[in-house]
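>>> Build me a model from this:
(chains A and B, ligands or ions: 2)
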Amino acid sequence: MSAAEPGPRVSRRFRLQWEEAQNAWVLLYPEGMVKLNQSAGEILRRCDGSRTEAAIVAELEDAFGASGLADDVANFLAMARAQQWIET
Amino acid sequence: MSGPNAAPQPGPPLWLLAELTYRCPLHCAFCYNPVDFATSGPELSTDDWLRVLREARAAGSVQCGFSGGEPMQRDDLEVLVAEAHRLGFYTNLLTSGVGLTPERAAALKAAGLDHIQLSFQDSTRELNDFLSHTRTFDLKQRVAAMIKDNGWPMVMNCVIHRLNIDYIDRIIEMAVELGAEYLELANNQYYSWALLNRDQLLPTREQLERAERITNEYREKYGDRIRIFFVVPDYYETRPKKCMNGWGNVFLTVTPDGTALPCHTAKMLPGLAFPNVREMGVREIWYESEGFNRYRGDGWMKEPCRTCPEKEKDLGGCRCQAWMLAGDPAAADPVCDKSPAHHLVTEALARAERGEGTAMPLVFRDPAASRRLAAGEG
Ligand code: SF4
Ligand code: SF4
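Ligands and ions are numbered 1, 2, ... in the order given. Below you'll find the model as predicted:
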């Protein structure tokens, strides 16, 4: 991530894409694909470098009329970082 | 669909492998193209391929591999990549690097190519020349540099066999030197040309164990810098691989002449008609054709697979291997030690231990040899 970016961004090694046929967001990489569940897709599509983690949580809570998502998001982002799906 | 044996409706053909041509300037003794490739019909035109790409994408394909033969032999490769990219495919090029100039690399980059997998036959010039029968080593170094320069991930593949497995340390060192991020050390699988040359190519158990040990040492040494995949030859297993992740489950191969196959070697199977993309649309091929439905699910299985508690795990293994070794495409893959034909695999391994047949000359893949083999002249 560049110094100017406040938040996580999907790694350049992956491409995040909506797949109508699978009704899901997928991560594409050389000769492979990860099919994401709905919440993973909703988090990752917001990982474009421009949003802080707190902003992502706020957006999701707003979009799904939920609260207390911070832990879920933090857990998922930790896993995504370990998988090198995102750079921060 | 109904009845206890009906296969569930399959998902989309997520993987499209476009085998653009059987033409190839190399002559690998382990080539995976069919031995009778030289008698194959005319290649699909650019327009045919563009239509196949659109139909496959509409049916849900998302990974697209361009292979061959050597796909660089098609001068419309850039056009096809551009269309695949526009359609939203993740585009992969599987090449030996022959024919990839800096100009074409730049054009492919501009067309939106996502990834190149560069195959190496070996790390030493002598063995490399021997095994691919042509001078390619220097070229591969140049191509590796082009891949880096264009910002593609550096993915290398090397087919491993009896004649190069003892040099595995040098192969890994070279991959590291070239900046590979991923290295697939793919042990030869015994189909097509490799089956003809099996006695010369099948490593001994000792060779294999040594190579695995060395690979593990390098994994520790380099950590995240390079991810090394070591694919064991299935002859050394006691359970078969879940071939193609299940017949007609995710993979769709289209051969140079337009034949649609559930895997690139399936054309060899007897009593099974495979559709051609010139005559049938991709969706119909995938969901309706006899060729794709025959070995879906487990309704086609015989004993020992039919009542086997592990059948979901491997779906009985590879249909081509069952046909080649046991003479019955619906038999258990003879790699499985429950297969009554498993002794054919262990006998091949015993021959490898004794070094039997290794003095025979290798049959190199080339059109003349292919025509001889197609005519049954051996
Ligand atoms: S395996 Fe070798 S001969 Fe066969 S298509 Fe690939 S590069 Fe060509
Ligand atoms: S018997 Fe058939 S299903 Fe069972 S493990 Fe062997 S190949 Fe697989």
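>>> So which residues of the stretch 51-200 of chain B form strands?
Using DSSP state E, counting those that start in this stretch, the strands assigned to the stretch 51-200 of chain B run over residues B:63-67, B:90-95, B:115-120, B:154-160, B:182-187.
>>> mind putting those strands in CSV, mean neighbour count and mean pLDDT included?
For every residue, glycine as well, the C-beta is placed using N, CA and C. Output for these, formatted as CSV (neighbours: other CB atoms under 10 Å in any protein chain shown; pLDDT from 0 to 100):
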stretch, mean neighbour count, mean pLDDT
strand B:63-67, 24, 97
strand B:90-95, 24, 96
strand B:115-120, 24, 90
strand B:154-160, 23, 89
strand B:182-187, 21, 90
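>>> Could you point out which of these sits nearest residue B:281?
Smallest distance to residue B:281 across these (CB to CB): 17.1 Å, for strand B:63-67.
>>> Now stretch B:360-370: buried residues?
Using 16 or more other CB atoms under 10 Å in any protein chain shown as the test for burial, stretch B:360-370 gives B:362, B:363, B:364, B:365, B:366, B:369, B:370.
>>> about what we covered before: Throw the strands of the stretch 51-200 of chain B into CSV and include distance to ligand 1, thanks.
Converted to CSV, the strands of the stretch 51-200 of chain B look like this (distance: least, CB to the nearest ligand atom, whole Å):
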stretch, distance to ligand 1
strand B:63-67, 8
strand B:90-95, 8
strand B:115-120, 6
strand B:154-160, 7
strand B:182-187, 11
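>>> Close to chain A: what parts of chain B are there?
Contact residues, chain B versus chain A (CB under 8 Å from any CB of the partner chain): B:11-12, B:14, B:59-60, B:62-63, B:65, B:88, B:90, B:92, B:114-115, B:117, B:153, B:155, B:182.
>>> hang on, isn't residue A:48 packed against residue A:11?
No. Between residue A:48 and residue A:11 there is no contact under CB atoms under 8 Å: 11.9 Å.
>>> More neighbours: which of the two?
residue A:11 (20 against 14; other CB atoms under 10 Å in any protein chain shown).
>>> Please give me every residue in contact with the residue of chain A found nearest ligand 1.
Minimum separation of chain A from ligand 1 (CB to the nearest ligand atom) falls at residue A:31, amounting to 16.1 Å. For residue A:31, the contact set (CB atoms under 8 Å, 6 or more residues apart in numbering or on different chains) comprises B:63, B:65, B:92, B:115, B:117, B:155.
>>> I'd like the distance between it and residue B:94.
9 Å (CB to CB, to the nearest Å).
>>> joint contacts of the two?
With CB under 8 Å, 6+ apart as the test, residue A:31 and residue B:94 both reach B:65, B:117.
>>> How about residue 18, nearest residue that isn't a chain neighbour?
Picked chain A for this. residue A:25 (5.7 Å; CB to CB, 6 or more residues apart in numbering or on different chains).
>>> you looked at the wrong chain, it should be chain B
Per CB to CB, 6+ apart, closest to residue B:18 is residue B:66, 5.2 Å.
>>> Tell me what that neighbour is bridged to.
Beta bridges link residue B:66 to residue B:18, residue B:93, judged by DSSP bridges.
>>> List, one by one, the residues from chain B near ligand 1.
Residues of chain B lying close to ligand 1 by CB under 6 Å from any ligand atom are B:24, B:26, B:27, B:28, B:31, B:32, B:33, B:68, B:69, B:70, B:96, B:365.
>>> Would you format those residues as JSON lines with pLDDT and distance to ligand 2 included?
Shown next, in JSON lines, are the residues of chain B next to ligand 1 (pLDDT from 0 to 100; distance: CB to the nearest ligand atom, whole Å):
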{"residue": "B:24", "pLDDT": "90", "distance to ligand 2": "33"}
{"residue": "B:26", "pLDDT": "83", "distance to ligand 2": "34"}
{"residue": "B:27", "pLDDT": "83", "distance to ligand 2": "34"}
{"residue": "B:28", "pLDDT": "85", "distance to ligand 2": "29"}
{"residue": "B:31", "pLDDT": "87", "distance to ligand 2": "27"}
{"residue": "B:32", "pLDDT": "87", "distance to ligand 2": "22"}
{"residue": "B:33", "pLDDT": "89", "distance to ligand 2": "27"}
{"residue": "B:68", "pLDDT": "91", "distance to ligand 2": "31"}
{"residue": "B:69", "pLDDT": "91", "distance to ligand 2": "32"}
{"residue": "B:70", "pLDDT": "93", "distance to ligand 2": "34"}
{"residue": "B:96", "pLDDT": "88", "distance to ligand 2": "33"}
{"residue": "B:365", "pLDDT": "87", "distance to ligand 2": "30"}
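>>> Point out the residues in chain A that sit beside chain B.
So chain A meets chain B at A:13, A:15, A:17, A:19-22, A:26, A:28-33 (CB under 8 Å from any CB).
>>> Please list which of those also come close to ligand 2.
Okay, of the residues of chain A next to chain B, nothing touches ligand 2 (CB under 6 Å from any ligand atom).
>>> tell me which of these is nearest to chain B?
residue A:21 (2.9 Å; CB to the nearest CB).
>>> Confirm the closest one sits in a helix?
Yes. If the criterion is DSSP: H, G, I helix; E, B strand; the rest coil, then residue A:21 is within a helix.
>>> for chain A, what spans make up the helices?
A:38-44, A:53-63, A:70-82 (DSSP state H).
>>> I'd like to know how many residues surround whichever residue of chain B sits closest to chain A.
Here chain B gets closest to chain A at one residue, residue B:60, 2.9 Å apart by CB to the nearest CB. Neighbourhood size, residue B:60 [other CB under 10 Å]: 18.
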